[in-house]
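Undergrad: For reference, the sequence and a predicted model appear below.
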Amino acid sequence: MDFAGLFKQHGWELLVVAAFTLILLPVFSLVVVIARFFIKQSVGIDASKIKKRHVLVVGASQGLGKEVAIQVASLGASRVTMVARGTDRDGSGKSRLDYAVDECKAQCSSEVMVDLIKMDVRTPDSVSQTLESIVQQHGMVDWLVVCSGSANPLLILDNELHGHSNEKAMMDVNFFGTVNVIRGILAIGSKMSPPSYPERLVTVGSVALGCPMAGFAAYGASKGALRAFTDVLRNERFFYGNIQVHHFMPGSMDTPGFEEENRNKPEVTKLIEGTADLYSASQAAAALLQGITNETYLINNDPIGVLARLNIQNLTPRNWPLVEAMASPAAVVIGEILLRHFDGISRKCSRRSQ
Ligand SMILES: NC(=O)c1ccc[n+]([C@@H]2O[C@H](COP(=O)([O-])OP(=O)(O)OC[C@H]3O[C@@H](n4cnc5c(N)ncnc54)[C@H](OP(=O)(O)O)[C@@H]3O)[C@@H](O)[C@H]2O)c1
């Protein structure tokens, strides 16, 4: 039977098979990938992997970092070292970091040691000295979670104002700051005899990398650089005792940092972002710890993040490679729809400003 004859006899059947393969299978696979994300979230955190660990959290005075510190302390870590600049002061002379440490101590057993360290991640020498003194006192840390960061969304032309470069400021804290901490601990570990490295290193990027939007050029570039650094670190980890490396890509979180960034946020950025849900720092910290203890490399805390991740995974470990491969066409199509939506908002806002 030739093709025309086959089509005449089984036309509907072939169309159903083609439609299933081209449309239904990718859509079904995407639904399965997102359903798996929710199921994994509901399973919760494997506390046995946190028990008796010394967890060093950088950027722990507020927001995500503070919640990570509180949750690991409550889940059985033996020691939690909370790090931030700690340069602010209220009427009673206490900094945000002091209050965060008090809050952490109040929420965990008295057996957990909670330490406070003041350090600015932007100064490599003081980062090295501070890490050195932590390791000298308590031995190599088990987990290093670097949450410090900030966002100052501005349109590209506004990024350079009065000799102040927003691109440089974002790179200094988000990229170089994290690199200073990670290289610092690796350098200390390599000089120990025998060499000793943390069990896990965690960096915090942003879902903004997968959803590029007006206003986030400086911030997105710094988080893009950090993502590239972490991807390479994951492959290079065998030189450093096979450290487990994780990269968190949170969506918008309801934190003091988010409140601050919203003060000067361009209208166009607010309108594009408006379509995304806002998660609490505590929900995001739980998603991060769930991903870490579940041995996930690229960790999301929301379904939009899962969708974005499918489009910017690079050559890094996927949660579920075969199903994600089948889901990819659907993720690309939804990505195209979002892209047109974002471009439409930007075009409209640019017309209004002229
Ligand atoms: N909130 C969001 O919507 C969102 C979305 C995606 C990604 N993120 C990322 O998630 C991470 C946490 O965000 P967040 O919203 O929780 O931020 P946040 O509320 O502003 O907290 C930032 C933390 O970083 C510390 N920090 C800032 N600059 C520092 C420096 N130079 N040296 C040492 N510590 C420094 C701050 O401490 P002090 O100021 O007390 O020193 C604070 O503890 C950041 O990397 C951020 O880029 C946030």
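TA: Looks like it came in fine.

Undergrad: Distance check, residue 157 against residue 211.
TA: Computed as Cβ to Cβ, to the nearest Å, the residue 157 to residue 211 distance reads 22 Å. All C-beta spots, glycine's among them, are computed from the backbone N, C-alpha and C.

Undergrad: Then residue 299?
TA: 17 Å.

Undergrad: how about the strands of this structure, start to end?
TA: For the chain, the strands defined by DSSP state E occupy 54-58, 79-84, 113-118, 143-146, 160-161, 164-165, 200-204, 244-248, 253-254, 279-280, 298-299.

Undergrad: and the last one, does that touch the ligand?
TA: No: with Cβ under 6 Å from any ligand atom as the criterion, the ligand is not reached by strand 298-299; the gap is at least 11.8 Å.

Undergrad: residues from the protein in reach of the ligand?
TA: Counting by Cβ under 6 Å from any ligand atom, the chain comes close to the ligand at 59-65, 84-86, 96-97, 120-122, 147-151, 173, 177, 204, 206, 250, 252-253, 255-258, 281.

Undergrad: if we can go back for a sec, who has more neighbours, residue 157 and residue 211?
TA: Neighbour totals were compared for residue 157 and residue 211, and residue 211 leads with 24 against 7 (other Cβ atoms under 10 Å).

Undergrad: Can you give me every residue that contacts that one?
TA: If you count contacts by Cβ atoms under 8 Å, 6 or more residues apart in numbering, residue 211 has them with 304, 308, 338, 342.

Undergrad: Count the residues that sit near residue 254.
TA: Summarising burial for residue 254: neighbours were counted as other Cβ under 10 Å, giving 15.

Undergrad: Please look at it and residue 281 and confirm they touch.
TA: Yes: between residue 254 and residue 281 there is a contact under Cβ atoms under 8 Å: 6.7 Å.

Undergrad: I'd like to know how many residues surround whichever residue of the stretch 251-354 of the chain sits closest to the ligand.
TA: Residue nearest to the ligand within the stretch 251-354 of the chain (Cβ to the nearest ligand atom): residue 257, separated by 2.2 Å. For residue 257, the count of nearby residues is 20 (other Cβ under 10 Å).

Undergrad: Make 693 the starting number, not 1.
TA: Right, with 693 as the first residue, what we last looked at is residue 949.

Undergrad: what's near enough to touch it?
TA: Neighbour list for residue 949: 754-755, 841-843 [criterion: Cβ under 8 Å, 6+ apart].

Undergrad: now the helices: where do they sit in this structure?
TA: Along the chain, the stretches classed as helices by DSSP state H are 695-711, 717-735, 755-766, 788-799, 816-830, 858-862, 869-883, 909-928, 948-955, 959-965, 973-985, 995-1003, 1013-1045.

Undergrad: got the contact list for the second one?
TA: Taking contacts as Cβ under 8 Å, 6+ apart, the residues outside helix 717-735 that touch it are 979, 982, 986, 992, 995, 998-999, 1002, 1011-1012, 1015-1016, 1018-1023, 1025-1026.

Undergrad: Filter those down to the buried ones and express that as a ChimeraX selection.
TA: The buried residues among these can be selected in ChimeraX (16 or more other Cβ atoms under 10 Å) with this line:
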select :979,982,986,992,998,999,1002,1011,1015,1016,1018,1019,1020,1021,1022,1023,1026
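
Undergrad: Count the neighbours of the residue nearest to residue 1042 when sequence neighbours are not counted for me.
TA: Closest residue to residue 1042 apart from its sequence neighbours, by Cβ to Cβ, 6 or more residues apart in numbering: residue 960 at 7.7 Å. By other Cβ under 10 Å, the residues close to residue 960 number 22.

Undergrad: Would you mind listing where this protein has pLDDT under the threshold?
TA: By pLDDT under 70, the low-scoring segments of the chain are 693, 967-968.

Undergrad: Buried ones among the residues of the chain next to the ligand?
TA: 751-757, 776-778, 788-789, 812-813, 839-843, 865, 869, 896, 898, 942, 944-945, 947, 949-950, 973.

Undergrad: contact partners of stretch 764-773?
TA: With Cβ under 8 Å, 6+ apart as the criterion, stretch 764-773 contacts 737, 739, 742-749, 761, 796, 799-800, 803-809, 826, 830, 833, 835, 981.

Undergrad: please redo it, this time with the cut-off set to 7 Å
TA: By Cβ atoms under 7 Å, 6 or more residues apart in numbering, the list of residues contacting stretch 764-773 from outside reads 737, 739, 742-749, 761, 796, 799-800, 804-807, 809, 826, 830, 981.

Undergrad: For these, which PyMOL command selects only the ones that are buried?
TA: In PyMOL, a selection of the buried entries from the contacts of stretch 764-773 looks like this (16+ other Cβ under 10 Å):
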select buried, resi 737+742+745+746+747+748+749+761+796+800+804+806+809+826+981
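
Undergrad: Skipping adjacent residues, who's closest to residue 987 in space?
TA: Spatial nearest neighbour of residue 987, chain neighbours left out: residue 936 (7.0 Å); criterion: Cβ to Cβ, 6+ apart.

Undergrad: contacting residues for that neighbour?
TA: 891-892, 987.

Undergrad: what bridges to it?
TA: Listed beta-bridge partners, residue 936: residue 892 (assigned using DSSP bridges).

Undergrad: Kindly report the same for the one 10 residues further on.
TA: Beta bridges link residue 946 to residue 972 when assigned by DSSP bridges.
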